[in-house]
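Participant: Fold the following for me, if possible:
(2 chains)
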Amino acid sequence: DAGITQSPRHKVTETGTPVTLRCHQTENHRYMYWYRQDPGHGLRLIHYSYGVKDTDKGEVSDGYSVSRSKTEDFLLTLESATSSQTSVYFCAISESLLAGYYNEQFFGPGTRLTVL
Amino acid sequence: DAKTTQPTSMDCAEGRAANLPCNHSTISGNEYVYWYRQIHSQGPQYIIHGLKNNETNEMASLIITEDRKSSTLILPHATLRDTAVYYCIVRVRDAGGTSYGKLTFGQGTILTVHP
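Facilitator: Here you go, the predicted model:
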């Protein structure tokens, strides 16, 4: 299994508080992604990174920010958590080969976040 | 990326082959077909991918029609542990563009393998 960890694995917080989720990889992969998964919506991309300090928005980025100061860590921050951000959050990583093709994505175990 | 259409759910008897269809009629020439699955409460897991030739690995086989408008994932001898949501995703694989390897997940097919 790819070396991806997410922390915390479970978190309960209150509306209006800031929350930071961490994704840590030991594979030295260039690309990292944050997804959220909700019933009826499947997995949706929040933000992604294509290198250190290089990030961009995904499909559902409102209310979220990210940072990547080193290859192995990709942080997802909810500046002021809302109940609509209650979800399961998955981090994923991938790499591109020398031939210029993206490899498949490897996913972390997920973080279950509940905002009361 | 091209959209995909999958049945909402399917059943399969343990030990039998599970054949999961996917329609992707708007697929472009440089788009690949990927299959992932998600076992309950876990992160998605890559299964297989292909461009136009049939592919096989230790987990499954992928059959892509000649016109590439549909494909079938085959689990040759399904087990109870294969019960999961299976996602068919079409995307470019070329790192020269700006897709950055992003995946767009649909609702997938819930496969239930029963004894």
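
Participant: use CA for all of it now, contacts and neighbours both
Facilitator: Fine.

Participant: The closest residue to residue B:33 other than its chain neighbours: helix or strand, and which one exactly?
Facilitator: Across the structure, with Cα to Cα, 6 or more residues apart in numbering or on different chains as the measure, the residue nearest residue B:33 apart from its sequence neighbours is residue B:90 (4.6 Å). Taking DSSP states H and E as the definition, one finds residue B:90 inside strand B:84-92.

Participant: strands paired with that strand, and their directions?
Facilitator: Based on DSSP bridges, the pairing partners of strand B:84-92 within the sheet are strand B:31-38 (antiparallel), strand B:109-114 (antiparallel).

Participant: now the ones you listed in JSON lines, with mean neighbour count and mean pLDDT?
Facilitator: Compiled in JSON lines, these are given as follows (neighbours: other Cα atoms under 10 Å in any protein chain shown; pLDDT from 0 to 100):
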{"stretch": "strand B:31-38", "mean neighbour count": "21", "mean pLDDT": "94"}
{"stretch": "strand B:109-114", "mean neighbour count": "20", "mean pLDDT": "97"}
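
Participant: Columns distance to residue A:68 on top of the ones you listed, output as JSON lines?
Facilitator: Putting the strands paired with strand B:84-92 into JSON lines (distance: least, Cα to Cα, whole Å) gives the following:
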{"stretch": "strand B:31-38", "distance to residue A:68": "26"}
{"stretch": "strand B:109-114", "distance to residue A:68": "34"}
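
Participant: what's the closest of those to residue B:100?
Facilitator: In terms of Cα to Cα, the element of those nearest to residue B:100 is strand B:31-38, at 13.6 Å.

Participant: Report the distance from the closest one to the chain centre.
Facilitator: For strand B:31-38, the gap between its own C-alpha mean and the chain's C-alpha mean amounts to 4 Å (Cα atoms, centre = their mean, to the nearest Å).
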